[in-house]
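Enquirer: Need a 3D model of the sequence below.
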Amino acid sequence: MNFDLSEEEEVAKELAEQILGESTSFDRLREVENDDSGPGYDSELWASLAEANLIGLPISEDFGGQGFSYLALCLVLEQAGRNLAPVPLLESIVYTALPIQEFGSDSLKKSLLPKVINGESVLTAALFEVGDPALSRVARTRASADGDGFTLTGEKVCVPYAESADKILVSASSERGLGLFLIEPGAQGVSCERQETCLLYT
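Expert: Got it, this is the predicted structure:
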(Lines give C-alpha, C1' and ligand atoms only; values in the text may rest on other atoms or scores of the structure.)
Protein backbone atom coordinates (compact mmCIF):
# COMPACT_ATOMS: atom_id res chain seq x y z
CA MET A 1 0.00 0.00 0.00
CA ASN A 2 1.11 3.55 -0.75
CA PHE A 3 1.01 5.81 2.30
CA ASP A 4 2.61 8.81 0.59
CA LEU A 5 0.70 12.08 0.56
CA SER A 6 -0.91 13.06 -2.71
CA GLU A 7 0.22 16.21 -4.52
CA GLU A 8 -2.92 18.01 -3.33
CA GLU A 9 -2.28 16.99 0.28
CA GLU A 10 1.34 18.11 0.11
CA VAL A 11 0.27 21.51 -1.25
CA ALA A 12 -2.37 21.91 1.48
CA LYS A 13 0.12 21.02 4.20
CA GLU A 14 2.83 23.39 2.94
CA LEU A 15 0.42 26.29 2.41
CA ALA A 16 -1.12 25.86 5.86
CA GLU A 17 2.31 25.61 7.44
CA GLN A 18 3.38 28.85 5.78
CA ILE A 19 0.28 30.92 6.54
CA LEU A 20 -0.29 29.68 10.08
CA GLY A 21 3.39 29.77 10.97
CA GLU A 22 3.78 33.37 9.85
CA SER A 23 0.60 34.63 11.53
CA THR A 24 0.78 33.14 15.03
CA SER A 25 3.62 34.86 16.80
CA PHE A 26 3.43 35.10 20.59
CA ASP A 27 2.65 38.82 20.36
CA ARG A 28 -0.15 38.25 17.86
CA LEU A 29 -1.71 35.47 19.93
CA ARG A 30 -1.60 37.70 23.00
CA GLU A 31 -3.13 40.59 21.06
CA VAL A 32 -6.08 38.47 19.90
CA GLU A 33 -6.56 37.00 23.36
CA ASN A 34 -6.67 40.42 25.02
CA ASP A 35 -9.04 42.00 22.48
CA ASP A 36 -12.32 41.96 24.42
CA SER A 37 -14.11 43.86 21.65
CA GLY A 38 -13.10 41.41 18.91
CA PRO A 39 -14.87 38.29 17.66
CA GLY A 40 -12.79 35.96 19.82
CA TYR A 41 -10.66 34.74 16.93
CA ASP A 42 -8.06 36.21 14.57
CA SER A 43 -10.25 37.65 11.80
CA GLU A 44 -7.21 38.63 9.72
CA LEU A 45 -5.83 35.10 9.80
CA TRP A 46 -9.30 33.72 9.05
CA ALA A 47 -9.47 35.94 5.96
CA SER A 48 -6.02 34.75 4.88
CA LEU A 49 -7.10 31.12 5.17
CA ALA A 50 -10.20 31.87 3.10
CA GLU A 51 -8.16 33.66 0.44
CA ALA A 52 -5.86 30.63 0.23
CA ASN A 53 -8.92 28.34 -0.19
CA LEU A 54 -8.01 26.41 2.96
CA ILE A 55 -11.33 26.87 4.77
CA GLY A 56 -13.27 25.11 2.04
CA LEU A 57 -10.66 22.42 1.50
CA PRO A 58 -12.94 19.37 2.07
CA ILE A 59 -16.15 21.00 0.83
CA SER A 60 -17.51 19.90 -2.55
CA GLU A 61 -16.65 21.98 -5.60
CA ASP A 62 -20.42 22.24 -6.19
CA PHE A 63 -20.52 24.77 -3.33
CA GLY A 64 -17.24 26.54 -4.08
CA GLY A 65 -14.91 24.29 -2.11
CA GLN A 66 -11.82 22.41 -3.23
CA GLY A 67 -13.18 18.88 -2.86
CA PHE A 68 -9.91 17.65 -1.35
CA SER A 69 -9.60 14.58 0.86
CA TYR A 70 -10.36 14.55 4.57
CA LEU A 71 -6.67 13.82 5.12
CA ALA A 72 -5.83 17.16 3.51
CA LEU A 73 -8.08 18.85 6.04
CA CYS A 74 -6.40 16.93 8.87
CA LEU A 75 -3.01 18.20 7.71
CA VAL A 76 -4.31 21.77 7.91
CA LEU A 77 -5.82 21.14 11.35
CA GLU A 78 -2.48 19.71 12.47
CA GLN A 79 -0.76 22.96 11.56
CA ALA A 80 -3.50 24.98 13.27
CA GLY A 81 -2.94 23.01 16.47
CA ARG A 82 0.83 23.16 16.20
CA ASN A 83 0.67 26.96 16.02
CA LEU A 84 -2.21 27.44 18.51
CA ALA A 85 -4.01 29.31 15.75
CA PRO A 86 -7.00 31.24 17.19
CA VAL A 87 -9.40 30.48 14.32
CA PRO A 88 -12.68 28.52 14.27
CA LEU A 89 -11.46 26.01 11.70
CA LEU A 90 -12.44 22.85 13.59
CA GLU A 91 -15.75 24.35 14.72
CA SER A 92 -16.82 25.83 11.38
CA ILE A 93 -15.75 22.97 9.15
CA VAL A 94 -15.60 19.68 11.05
CA TYR A 95 -18.34 20.29 13.61
CA THR A 96 -20.75 22.15 11.38
CA ALA A 97 -20.09 22.62 7.65
CA LEU A 98 -19.35 18.96 6.90
CA PRO A 99 -22.50 17.70 8.67
CA ILE A 100 -24.52 20.32 6.80
CA GLN A 101 -22.98 19.17 3.52
CA GLU A 102 -23.88 15.57 4.38
CA PHE A 103 -27.37 16.01 5.83
CA GLY A 104 -28.61 19.53 5.01
CA SER A 105 -31.14 20.47 2.38
CA ASP A 106 -29.91 21.61 -1.04
CA SER A 107 -31.15 25.15 -0.40
CA LEU A 108 -29.32 25.32 2.94
CA LYS A 109 -26.08 24.04 1.46
CA LYS A 110 -26.21 26.45 -1.47
CA SER A 111 -26.98 29.47 0.71
CA LEU A 112 -24.64 28.79 3.65
CA LEU A 113 -21.59 26.80 2.58
CA PRO A 114 -20.20 29.35 0.08
CA LYS A 115 -20.28 32.00 2.83
CA VAL A 116 -18.31 29.72 5.13
CA ILE A 117 -15.77 28.94 2.43
CA ASN A 118 -15.05 32.59 1.65
CA GLY A 119 -14.68 33.44 5.34
CA GLU A 120 -17.83 35.55 5.47
CA SER A 121 -19.67 33.25 7.88
CA VAL A 122 -18.46 31.47 11.02
CA LEU A 123 -20.26 28.40 12.32
CA THR A 124 -20.05 26.41 15.53
CA ALA A 125 -21.78 23.53 17.26
CA ALA A 126 -23.52 23.10 20.62
CA LEU A 127 -23.16 19.41 21.48
CA PHE A 128 -22.23 19.28 25.16
CA GLU A 129 -24.56 19.23 28.16
CA VAL A 130 -23.71 19.16 31.85
CA GLY A 131 -23.39 15.55 33.02
CA ASP A 132 -23.95 13.96 29.62
CA PRO A 133 -21.44 12.78 26.99
CA ALA A 134 -21.48 14.58 23.67
CA LEU A 135 -23.69 13.03 21.00
CA SER A 136 -25.33 10.54 23.37
CA ARG A 137 -28.48 8.96 21.97
CA VAL A 138 -30.65 11.10 24.25
CA ALA A 139 -30.06 14.84 24.77
CA ARG A 140 -31.67 16.86 27.53
CA THR A 141 -32.23 19.62 25.02
CA ARG A 142 -35.59 18.97 23.37
CA ALA A 143 -36.88 19.87 19.92
CA SER A 144 -40.64 20.16 19.48
CA ALA A 145 -42.37 20.58 16.13
CA ASP A 146 -43.64 24.14 15.69
CA GLY A 147 -45.29 24.86 12.34
CA ASP A 148 -42.70 24.39 9.59
CA GLY A 149 -39.85 24.36 12.10
CA PHE A 150 -38.97 23.39 15.65
CA THR A 151 -38.78 25.00 19.05
CA LEU A 152 -35.71 24.04 21.08
CA THR A 153 -35.65 23.99 24.88
CA GLY A 154 -32.53 23.30 26.91
CA GLU A 155 -29.02 24.36 27.79
CA LYS A 156 -25.65 23.63 26.18
CA VAL A 157 -22.17 24.26 27.55
CA CYS A 158 -18.70 24.73 26.04
CA VAL A 159 -19.89 26.24 22.75
CA PRO A 160 -16.82 27.86 21.18
CA TYR A 161 -17.28 31.18 19.37
CA ALA A 162 -20.99 31.16 20.21
CA GLU A 163 -21.30 34.94 20.39
CA SER A 164 -19.52 35.57 17.07
CA ALA A 165 -20.96 32.65 15.10
CA ASP A 166 -23.64 33.28 12.49
CA LYS A 167 -25.22 29.86 13.03
CA ILE A 168 -25.00 27.23 15.77
CA LEU A 169 -25.65 23.56 15.09
CA VAL A 170 -27.49 22.18 18.14
CA SER A 171 -28.05 18.54 19.03
CA ALA A 172 -31.49 17.89 20.51
CA SER A 173 -33.89 15.01 21.12
CA SER A 174 -37.21 14.90 19.31
CA GLU A 175 -39.96 12.39 18.68
CA ARG A 176 -37.83 11.01 15.85
CA GLY A 177 -34.73 10.63 18.03
CA LEU A 178 -31.52 12.66 18.21
CA GLY A 179 -31.34 15.40 15.59
CA LEU A 180 -29.30 18.45 14.60
CA PHE A 181 -30.87 21.91 14.34
CA LEU A 182 -29.49 25.24 13.16
CA ILE A 183 -30.16 28.33 15.25
CA GLU A 184 -28.94 31.93 15.26
CA PRO A 185 -27.27 33.22 18.46
CA GLY A 186 -29.35 36.39 18.32
CA ALA A 187 -32.68 34.67 17.76
CA GLN A 188 -35.56 35.30 20.17
CA GLY A 189 -35.28 33.08 23.24
CA VAL A 190 -31.58 32.32 22.74
CA SER A 191 -29.12 33.60 25.33
CA CYS A 192 -25.36 33.15 25.55
CA GLU A 193 -23.25 33.34 28.69
CA ARG A 194 -19.49 33.64 28.33
CA GLN A 195 -17.33 30.83 29.72
CA GLU A 196 -13.73 31.77 30.41
CA THR A 197 -10.90 29.43 29.46
CA CYS A 198 -7.18 29.99 29.41
CA LEU A 199 -4.15 29.04 27.33
CA LEU A 200 -0.82 28.18 28.86
CA TYR A 201 2.20 29.46 26.95
CA THR A 202 5.66 27.96 27.43
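Enquirer: Distance of P99 relative to L112?
Expert: In this view, P99 and L112 are 12 Å apart by C-beta to C-beta, to the nearest Å. Where you see a C-beta, it was placed from the backbone N, CA and C, and this is true even at glycine.
Enquirer: Among those two, which residue is more densely surrounded?
Expert: L112 (21 against 14; other C-beta atoms under 10 Å).
Enquirer: Give me the packing partners of the longest helix seen in the chain, helices and strands only.
Expert: Selection of the longest helix in the chain by residue count, based on DSSP state H, yields helix 7-22. If you count contacts as 3 or more C-beta pairs under 8 Å, 6 or more residues apart in numbering; DSSP states H and E, helix 7-22 packs onto helix 43-51, helix 70-82.
Enquirer: how about 7 Å then?
Expert: helix 70-82 (3 or more C-beta pairs under 7 Å, 6 or more residues apart in numbering; DSSP states H and E).
Enquirer: so where's the chain shaky on pLDDT?
Expert: Along the chain, the parts satisfying pLDDT under 70 run over 1-2, 132-138, 197-202.
Enquirer: could you redo the last one with a cut-off of 80?
Expert: Judged by pLDDT under 80, the chain has its weakly predicted residues at 1-3, 131-139, 195-202.
Enquirer: ok, and what's touching stretch 32-51?
Expert: If you take C-beta atoms under 7 Å, 6 or more residues apart in numbering as the criterion, stretch 32-51 is touched by 19, 23, 55, 85-88, 117-119, 161, 163-164.
Enquirer: let's go with 8 Å and repeat that
Expert: 19-20, 23-24, 28, 55-56, 85-89, 117-119, 122, 161, 163-164, 199 (C-beta atoms under 8 Å, 6 or more residues apart in numbering).
Enquirer: which of those residues are buried?
Expert: The neighbour count (16 or more other C-beta atoms under 10 Å) marks 19-20, 23-24, 28, 55-56, 85-89, 117, 119, 122, 161 as buried among the contacts of stretch 32-51.
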